[in-house]
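Novice: structure, please.
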Amino acid sequence: MTDFIHLPAARLRPGTVALPGSKSISNRTLLLAALADNDCEIVSLLHSDDILHMRNALEKLGVHSRENASGSLSVQGCHGRFLQREADLFLGNAGTAFRPLTATLAVLGGNYQLHGVPRMHERPIGDLVDALRQLGAHIDYRGNPGYPPLHIGERSNNGQSTVRVRGDVSSQFLTALLMALPLTGQAHTIEVVGELISKPYIDITLNLMARFGVQVDNQDYAVFRLPENSVYHAPAVVHVEGDASSASYFLAAGLLSGSPVRVSGIGRHSIQGDVAFARELEKIGASVLWGDDFIEVSRAEGQAVLPFDLDANHIPDAAMTLAVVALASGGPCRLRNIASWRVKETDRIAAMATELRKLGAEVTETPDSIRIVPPAQLNQSVRIDTYDDHRIAMCFSLVSLLNTAVIINDPQCVNKTFPTYFEVLAGLQE
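Specialist: Numbering: from 1, shown residues only. Take a look at the predicted model:
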């Protein structure tokens, strides 16, 4: 990849995309397999920067794994206790690795340094640290209070059985606690303070924990009860679903182009909340076909892309794609209840607003929403800055389907979740 990629205005032919594995499922599955009391084979694991950070960290912690000829990964469980009780872990900008590992290591105790890229050190973690300290965890901030980098020491034995954690900043804090608390062997109750955002991601966590033998009592996403004497026991084989967030770009491409685009690896029974993105497309003009292992989107001839006003809290990552779809809608569009965008790989509300304005859109942002009025005609060959954020690069690639050439800076940022994204998109073009 060069420093930029030029995407000419393009038309799509009917096509099928085999999705890479889900980032959220891959990193959760890796950690649960590492903590299990037996060995596990993981099939269709995502190969990307975020997953590599988790794998490298687990290797430093003494977890043995090997790649098989078939492409699957065999992981040797460590029986809930890492062999290495001292390690320096670099986790890039991988929130799905940093937050769960913070909780796991804090519960187990040891001598650990956790750090990442500069943006990771700007992403808040104070609410998770506060919750872990209620359990007797010893965690020190090595920079700004409330943010990485962190030092984790030995945990005391005087922790509380009931833990309170805020739910309105990032659902990853709750996910981290849920995955780590069974390692204590004690019964625990987690009380969520405030309204929990991104509930579908908690559903992924609970589903995977159940597959690994730990059932959690979920009381309306406000109280979670974990039983005592819990032990992670891995299935012999775990299949990772395709990434529903990555699917959003190709599903939106089917709507924008009108040409049928099918994604395989997810379907009507997916455990990922972002499959709801296809239902939102259906509301604004898409024709959607659901299968057990695929979703296909097209648009009937003469059917317009309709404006929308959406509470997108249930699909925060996929909703970014709708911000670009808004450019084809012919009317004002709004995405609401997306405050979590502010603490992602970049401040995504500010970044999306800035880049949409380059294309000629009128954009209004609030602390938790974005309103987009598309221009009568898009500006051509605009350079889109990507802020080292994979989703911004992939979202704005769709501008090329609107009879508009676009330039994407730093295209290699897609390596975080989808290293071959631009090649796959090009393969759909006429």
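Novice: what number of residues lie near residue 4?
Specialist: Residues lying near residue 4 (other C-beta atoms under 10 Å) number 14. The C-beta positions use only the backbone N, C-alpha and C, and glycine is treated the same way.
Novice: show the contacting residues for it.
Specialist: Shown in contact with residue 4 (C-beta atoms under 8 Å, 6 or more residues apart in numbering): 383, 407, 408, 409, 410, 411.
Novice: thought residue 388 was touching the fourth one, still the case?
Specialist: No. Taking C-beta atoms under 8 Å as the definition, residue 409 is not a contact partner of residue 388, at 10.3 Å.
Novice: picking up where we left off before, now flag whichever of the contacts of residue 4 is closest to residue 119.
Specialist: Closest to residue 119 out of those is residue 410 (13.3 Å), distances taken as C-beta to C-beta.
Novice: got a pLDDT number for the closest residue to the closest one other than its chain neighbours?
Specialist: Take residue 410 and drop its neighbours on the chain: the residue closest to it by C-beta to C-beta, 6 or more residues apart in numbering is residue 386, 4.9 Å away. Looking at residue 386, its pLDDT stands at 98.
Novice: is residue 386 in a helix, a strand, or coil?
Specialist: Put simply, residue 386 is coil when judged by DSSP: H, G, I helix; E, B strand; the rest coil.
Novice: if I look at it, how far off is residue 225?
Specialist: Separation of residue 386 from residue 225 (C-beta to C-beta, to the nearest Å): 42 Å.
Novice: over to residue 379?
Specialist: To residue 225, residue 379 is 54 Å away according to C-beta to C-beta.
Novice: in stretch 5-17, what's buried?
Specialist: Neighbour-count burial for stretch 5-17 flags 5, 7, 10, 12, 15, 17 (criterion: 16 or more other C-beta atoms under 10 Å).
Novice: what's the answer for stretch 56-64, then?
Specialist: Buried positions in stretch 56-64, judged by neighbour count with 16+ other C-beta under 10 Å: 57, 58, 60, 61, 63.
Novice: and for stretch 116-126?
Specialist: 116, 119, 120, 121, 122, 123, 124, 125.
Novice: again, but for stretch 316-334
Specialist: Here stretch 316-334 shows 316-329, 333-334 as buried, counting by 16+ other C-beta under 10 Å.
Novice: kindly indicate which of those lies nearest residue 75.
Specialist: Nearest to residue 75, judged by C-beta to C-beta, of the buried residues of stretch 316-334 is residue 317 at 26.0 Å.
Novice: element containing the closest one, please.
Specialist: Here residue 317 sits in a region with no helix or strand, counting by DSSP states H and E.
Novice: show me where the stretch 101-250 of the chain has strands.
Specialist: Using DSSP state E, counting those that start in this stretch, the strands of the stretch 101-250 of the chain run over 111-115, 139-141, 150-152, 162-166, 188-193, 217-219, 223-226, 237-239.
Novice: repeat for the stretch 301-430 of the chain
Specialist: Assigned strands in the stretch 301-430 of the chain, in chain order: 309-311, 333-336, 362-366, 369-373, 382-384, 406-409 (criterion: DSSP E, counting those that start in this stretch).
Novice: could you dump those into JSON lines and include distance to residue 81?
Specialist: Below are the strands of the stretch 301-430 of the chain laid out as JSON lines (distance: least, C-beta to C-beta, whole Å):
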{"stretch": "strand 309-311", "distance to residue 81": "43"}
{"stretch": "strand 333-336", "distance to residue 81": "44"}
{"stretch": "strand 362-366", "distance to residue 81": "46"}
{"stretch": "strand 369-373", "distance to residue 81": "45"}
{"stretch": "strand 382-384", "distance to residue 81": "46"}
{"stretch": "strand 406-409", "distance to residue 81": "45"}
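Novice: pull the contacting residues for residue 239.
Specialist: With contacts defined as C-beta under 8 Å, 6+ apart, the neighbours of residue 239 are 43, 44.
Novice: residue 288 against residue 281, yeah?
Specialist: Yes. Look at residue 288 against residue 281 with C-beta under 8 Å: they come within range, at 6.5 Å.
Novice: tell me which of the two has more neighbours.
Specialist: residue 281 (27 against 16).
Novice: roughly how far apart are that one and residue 398?
Specialist: Relative to residue 398, and taking C-beta to C-beta, residue 281 is found at 12 Å.
Novice: pull the number of nearby residues for residue 367.
Specialist: The local packing of residue 367 (other C-beta under 10 Å) involves 8 other residues.
Novice: one more: residue 375?
Specialist: Quick note: residue 375 (other C-beta under 10 Å) scores 13 neighbours.
Novice: where does it fall, phi/psi-wise?
Specialist: Reported as degrees, to the nearest 10, the phi and psi values for residue 375 are phi -80, psi 160.
Novice: adjust the sequence numbering to begin at 42 for everything that follows.
Specialist: Let's use 42 as the start, then, which means that last one is residue 416.
Novice: residues in contact with the residue lying closest to residue 386 once chain neighbours are set aside?
Specialist: Spatial nearest neighbour of residue 386, excluding adjacent residues (C-beta to C-beta, 6+ apart): residue 430 at 4.2 Å. With C-beta under 8 Å, 6+ apart as the criterion, the residues that contact residue 430 are 385, 386, 387, 389, 392, 454.
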